[in-house]
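Engineer: generate coordinates for the sequence data below:
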Amino acid sequence: MSPQSFFEEAYFSQVYRGDYLLRNPAYKWRAFLRQILRHRQQGRLLDVGCALGSFLKHASQYFTCSGCDISTYALEYARHGLPGSVDLFQGSLGELPAHQGYDVITCFDVIEHMKDLHLVWKNLQDLLNPGGLLVITVPVYDGPLGWLVDRLDQDPSHIHRRERAFWLEQVRSHFHLLDYLGIWRYFFFRRYYLNMLTARFRSITTAILLISEKA
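Structural biologist: Numbering: from 1, shown residues only. All right, here's what the predicted structure looks like:
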């Protein structure tokens, strides 16, 4: 099965059990956007792995937005819910054409799916304008709750189940790290989603958010 065919409607139904939108509430995306706005307030933004377009709804109020995803299903869904000013296209990180430069690139829970990290970082470098921001979130499998993250992770496409030190080293090797926050996140009773950013407890959270800059 090709990567493209894997991430279609069945993926969202099986991995998220039909609860994708409940697991991605508006307040989650607004919290991420607030962190970005601390460093950039305008420019061209690309959301890699934009899925159903939830983040782009909020980001498009500040940035000239584009979104890409490998999934035909996700892109069709996003097109029906986003303003026409948002440009959407199909593509996979590591292979995205770098003919246009971006001031902000977001990768929310994307990079852990990518097999060749060397190609990923190079592609991101090529896509970003000088001084551009890279914003990523990834799950982490260390700390006192690492075992629980691993146990609850039902996504077979998570290739890199790594500790936070690994991702910090990867980002610092290719970009200038500006901010590092932890994310407490959990879905309760198939109804309530916790998504809380923290600097104080970032060494033990179940996911992290890293904001870095291209030199």
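Engineer: what's the neighbour count on K115?
Structural biologist: Counted by other C-beta atoms under 10 Å, the residues lying close to K115 total 10. Any C-beta I mention is one placed from the backbone N, CA and C, and that applies to glycine too.
Engineer: check E112 too.
Structural biologist: Using other C-beta under 10 Å, E112 has 23 other residues around it.
Engineer: just P83 next, same as before
Structural biologist: Neighbours of P83 under the rule other C-beta under 10 Å: 10.
Engineer: next up, the contacts around the spatially most central residue of the chain.
Structural biologist: By C-alpha atoms, centre = their mean, the chain has its centre lying nearest to F108, at 0.8 Å. When contacts are counted by C-beta atoms under 8 Å, 6 or more residues apart in numbering, F108 is found next to F32, D47, G49, F55, V135, I136, T137.
Engineer: 10 Å instead, please
Structural biologist: 24, 28-29, 32, 47-51, 54-55, 135-138, 207, 209 (C-beta atoms under 10 Å, 6 or more residues apart in numbering).
Engineer: can you give me the strands in this structure?
Structural biologist: Using DSSP state E, the strands of the chain run over residues 44-48, 64-69, 87-90, 102-108, 128-139, 176-188, 192-198, 207-213.
Engineer: among those strands, which is nearest L148?
Structural biologist: Of all those, strand 176-188 sits nearest to L148, with 9.2 Å by C-beta to C-beta.
Engineer: the inter-axis angle of the closest one versus strand 128-139?
Structural biologist: Going by axes from the mean of the first three to the mean of the last three C-alpha atoms, to 10 degrees, strand 176-188 is angled at 30 degrees with respect to strand 128-139.
Engineer: with just CA atoms, put strand 176-188 into CSV.
Structural biologist: Taking Å, rounded to 0.1, in the frame of the first residue of the first chain, the C-alpha atoms of strand 176-188 are listed here in CSV:
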residue,chain,number,x,y,z
HIS,A,176,18.0,27.9,15.7
LEU,A,177,15.7,26.9,18.5
LEU,A,178,13.6,29.8,19.8
ASP,A,179,11.1,28.1,22.1
TYR,A,180,10.4,24.7,23.6
LEU,A,181,7.1,23.9,25.3
GLY,A,182,5.5,20.7,26.6
ILE,A,183,2.0,19.6,25.7
TRP,A,184,-0.3,17.7,28.0
ARG,A,185,-2.9,16.1,25.8
TYR,A,186,-5.4,13.4,26.3
PHE,A,187,-8.9,12.4,25.0
PHE,A,188,-11.3,11.7,27.8
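Engineer: mind listing what's buried along that strand?
Structural biologist: When burial is assessed from 16 or more other C-beta atoms under 10 Å, strand 176-188 yields the following buried residues: D179, Y180, L181, G182, I183, R185, F187.
Engineer: closest to M114 out of these?
Structural biologist: Of the buried residues of strand 176-188, the one sitting nearest to M114 (C-beta to C-beta) turns out to be I183, at 19.6 Å.
Engineer: so what's that closest one closest to, chain neighbours aside?
Structural biologist: A207 (4.1 Å; C-beta to C-beta, 6 or more residues apart in numbering).
Engineer: does the one you found touch T137 like I think?
Structural biologist: Yes - using C-beta atoms under 10 Å, A207 is in contact with T137, at 5.9 Å.
Engineer: the two: which has the busier surroundings?
Structural biologist: T137 (23 against 20).
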